[in-house]
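>>> Structural data only, the sequence is not supplied:
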């Protein structure tokens, strides 16, 4: 191809990559003419202006983004969310006996025991009344294993590590619980 052989300048290569520009160039090479030369020159000027505009806006966007990032980091460093500070710090820095902001955050999960959470979660996930009655009849350990297995999607090995028992004990307890649930639903 003529473009790759004759021109090493990437700008000219990009200009002549357009089929119309290449055709005009070929036409000028066959029959040199001031009219065609002027057309090629005008189109190259328009092409060059477009390239310069894109380069200009790219640099503007780049430097604006960098400036924004720098300003944002300065802001984040100035106004740090510090939960370990108290809301009413004294001027001499003595905060003894003050409550920190972290201590004011209420942990909803801390107010319920693990078993109460399991029962509440099981109630939310079971819609079938027969299945609900069967699950309620299980002991706490079986409910806990079914919750961890089917709602949290833990494997038997993960459950055994969490409850500090063997994996075989978990599997046996889970199978017994499922068998009991099946018997109650079928009854």
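That came through, no problem. None of the values given here were measured: they were computed from a predicted structure.

>>> how close does the spatially most central residue of the chain sit to residue 75?
Nearest residue to the geometric centre of the chain (C-alpha atoms, centre = their mean): residue 69, 19.8 Å. Applying C-beta to C-beta, to the nearest Å, one obtains 11 Å for the distance of residue 69 from residue 75. In this view, the C-beta of every residue, glycine as well, is placed from N, C-alpha and C.

>>> now residue 52
For residue 52, the distance to residue 75 equals 34 Å [C-beta to C-beta].

>>> quick revisit: run the chain-centre distance for the host helix or strand of the residue nearest to the centre of the chain.
Secondary structure assigned from DSSP states H and E places residue 69 in helix 34-78. The chain centroid and the centroid of helix 34-78 are separated by 30 Å under C-alpha atoms, centre = their mean, to the nearest Å.

>>> Enumerate every residue touching residue 180.
By C-beta atoms under 8 Å, 6 or more residues apart in numbering, the contact list for residue 180 reads 134, 137-138, 142.

>>> so it is in which element?
helix 167-186.

>>> Pull out the buried residues from that helix.
Buried positions in helix 167-186, judged by neighbour count with 16 or more other C-beta atoms under 10 Å: 170-171, 173-174, 177-178, 180-181, 184.

>>> Distance to residue 35 and pLDDT added to these, as TSV?
What follows is the buried residues of helix 167-186, written out as TSV (distance: C-beta to C-beta, whole Å; pLDDT from 0 to 100):
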residue	distance to residue 35	pLDDT
170	88	91
171	89	92
173	93	91
174	88	92
177	91	90
178	89	92
180	95	91
181	90	89
184	95	87
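
>>> got the domain boundaries for this protein?
Per automatic domain parsing, the structural domains of the chain span 2-78, 108-186.

>>> which one of those domains has the most crowded surroundings?
Of those, the one with the most neighbours on average (mean count of other C-beta atoms under 10 Å) is domain 108-186, at a mean of 14.

>>> what's the weakest-modelled helix or strand in this protein?
helix 2-6 (a mean of 50; mean pLDDT, DSSP states H and E).

>>> between the buried residues of helix 167-186, which is nearest residue 155?
Nearest to residue 155 among the buried residues of helix 167-186: residue 170, at 9.3 Å, using C-beta to C-beta.
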